[in-house]
Structure formats: C-alpha cells, structure tokens
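A structural model of the following input is requested.
(chains A, B, C and D)
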There are 2 protein chains.
Amino acid sequence: MEEKDVVRALAALAQAARLQVFRTLVVAGPEGLTPGAIAEALEVPASTLSFHLKELANAGLVTQEREGRYLIYRAAFERMNALLAYLTENCCQGQACLPAARNCPNC
Amino acid sequence: MEEKDVVRALAALAQAARLQVFRTLVVAGPEGLTPGAIAEALEVPASTLSFHLKELANAGLVTQEREGRYLIYRAAFERMNALLAYLTENCCQGQACLPAARNCPNC
DNA sequence: TCCATATTTCGACTATATTAGAAATATAAT
DNA sequence: ATTATATTTCTAATATAGTCGAAATATGGA
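Below is the predicted model:
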C-alpha cells in the first residue's frame, strides 16, 4: 500500500460518522448492507450518508454492488488488512508494537 | 480507547506531512528528535511543523519533553498500540484480518 | 406507460484544517 | 546584561471537508 493510499484510508476513517458506517458494515459482514439500512441504523440523512459512502469507496475501504433496485455496500476487508499491515510495519518499527495477538480471540 | 480518541488519532495520522513526521519519530525510536531535526529532514517551515506536532501531541501520538534549550518529541508507542488494537478488534470482526503475524518480523 | 422506491448528485452554505511569515517566549552562551 | 538559537504562538489568508434539502437518476412493479 502506498503512502498516498494510506493517508486516504486513514482520512476516510478519521471522521465519527464514517467510522461508524464502516464499523456497521464490518459487523454486517460479507452480506453487506443497503444505504437505506445504514441510514436507518445510524439516523443520518440519505444524502449525507451517500457522501460518506463515496469517501469510503474512494479510499477503497468499501465496495458497492447493485442488486436490482438496491445498492449493497460491503467492508473491503483486504484493504483494511493492508492498512493495518502498513501501520504495523511502518509506525512501530523496532518496538514491541503488536497488540493483535494479545487482543484478538482468533489467534 | 474510546471512539472519540480513535477518531482523533486517525485524523492526526491522516495527513501526509503529519504521517511523515510520525514515521520519522518512529524510526528515531526512544531517543526522539528535536523539531529542528525534523524540520531539516522533512524540509518544512518551523511554524508549520509546530502546528503538526501539536496535532499529534493532542492526539496522544507523540510526547514532548524539554531538554534545555531544545524540545524532544517522541512517538508514543503505547498509544499507537492502542489504536491498532482498536482497529483490529472493531474493524475486522469475525474476519481473517490479522496481518500482524504475517508482516512483523518480531513475532 | 406511469408510479413508487432507492439512491445519488447538485448546490449553497457552514465549519474546520492547513500554511507560513512575523512576533513572542524560553533557554543558553558570552 | 546582551545576544543568539530553538521553538511556539499569533494572525490572516487560502483550501478542504461536512451538511442536507431539493432535484435528478435508476430500477422494479402495477
């Protein structure tokens, strides 16, 4: 992941409303969610949500797919992996800086 | 780490100049660096750098200590750990999303 | 074809962030 | 005391981001 992309991904997550949207999509998992469902869950106007989803999509953190009349947004887990990998490698260099093993039940 | 703090930390890193400053401090390690040294390395005006260091400090990602005539800034590794822990726990839920083990030579 | 629903785009506005020179402050050296 | 160096704070300007109603677009169903 290039530094430019890292900054874009960080910026996409560095906003309360957007972080919530992303977290909601993470919880939803591979099924994804429609903007309508997200808007209802987070009580945010459709046009505002659309703006934030676009930001997340531009950063590569969510994907969009049309399903008939609906759109389905999904968290892009690989991209999030890549972001975490970059931060782990470049922002903790030489330090004991790997909380993952301690904090994640899956490992 | 509270969501509010997570957003602040992400915002602090979500800016090219600041991410570079932070990475430079990470590379410098526990010794830290003076603003003068950082300014020279990154070729950024003193007042601009000062602004960015303050942002990083407000986010808890760097610490400041006075050493005589100089100030020494250091990366706050624990805080970075906490940020990574939050992202790992909350933004990858239930997914194979732990690149740390794969990417870090220390584990 | 016409209507209803889902969602985005547009537009105008407000708010926040970034930049960098100049002035102020802190400390050390002479 | 005075001067020099390191750094921050101030200030004013520019630039970027966020909000949301209204209008536009896309699709499915009657």
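
any low-confidence regions in chain A?
Applying pLDDT under 70 to chain A flags the ranges A:93-107.

what does it put close to DNA strand C?
Neighbours of DNA strand C within chain A, by CB under 7 Å from any atom of the strand: A:34-37, A:39, A:46-47, A:49-51, A:53-54, A:64, A:69-71. Backbone N, C-alpha and C define where each C-beta goes, glycine included.

and those residues, which two are the farthest apart?
Using CB to CB, the residues of chain A next to DNA strand C span at most 21.0 Å, a distance reached by A:F51 and A:R69.

Would you mind telling me which of these two has more residues around it?
A:F51 (13 against 6; other CB atoms under 10 Å in any protein chain shown).

give me the number of residues near the nearest residue in space to A:G60 that is not next to it in sequence?
Distance criterion CB to CB, 6 or more residues apart in numbering or on different chains; nearest residue to A:G60, sequence neighbours excluded, is A:R79 at 4.6 Å. A count of nearby residues for A:R79, using other CB under 10 Å, gives 19.

and the closest residue to A:A46 other than its chain neighbours, what does it touch?
Spatial nearest neighbour of A:A46, chain neighbours left out: A:A39 (5.6 Å); criterion: CB to CB, 6+ apart. A:A39 makes contacts with A:45-46, A:49, as judged by CB atoms under 8 Å, 6 or more residues apart in numbering or on different chains.

give the contact list for the closest residue to DNA strand C within chain A.
As assessed by CB to the nearest atom of the strand, DNA strand C sits closest to A:G36 within chain A, at 2.6 Å. Contact partners of A:G36, counting by CB under 8 Å, 6+ apart, are A:46, A:70.

is it fair to say it lies in a helix?
Yes: with DSSP: H, G, I helix; E, B strand; the rest coil as the criterion, A:G36 is part of a helix.

other SSEs contacting the helix or strand that contains the residue nearest to A:G60?
Using DSSP states H and E, the element containing A:R79 is helix A:77-90. Here helix A:77-90 touches helix A:3-13, helix B:77-90, helix B:100-103, going by 3 or more CB pairs under 8 Å, 6 or more residues apart in numbering or on different chains; DSSP states H and E.

What's the first helix or strand after the first one?
Right, the one you point to is helix A:3-13. As assigned by DSSP H and E, the chain's next helix or strand after helix A:3-13 is helix A:16-28.

That next one close to DNA strand D?
Yes: contact of helix A:16-28 with DNA strand D (CB under 7 Å from any atom of the strand) involves A:17-18.

Name the residues that touch that helix?
Contacts for helix A:16-28 (CB under 8 Å, 6+ apart): A:12-13, A:32-33, A:38, A:41-42, A:44, A:48-49, A:52-53, A:55-56, A:61-62, A:73-75, A:77, A:80, B:3-4, B:6-7, B:10, B:90-93, B:95.

How about stretch A:63-82?
Stretch A:63-82 is contacted from outside by A:1, A:9, A:22, A:25-26, A:28-36, A:38, A:53, A:56-57, A:59-62, B:87, B:91-92, B:95-97, B:99, using CB under 8 Å, 6+ apart.
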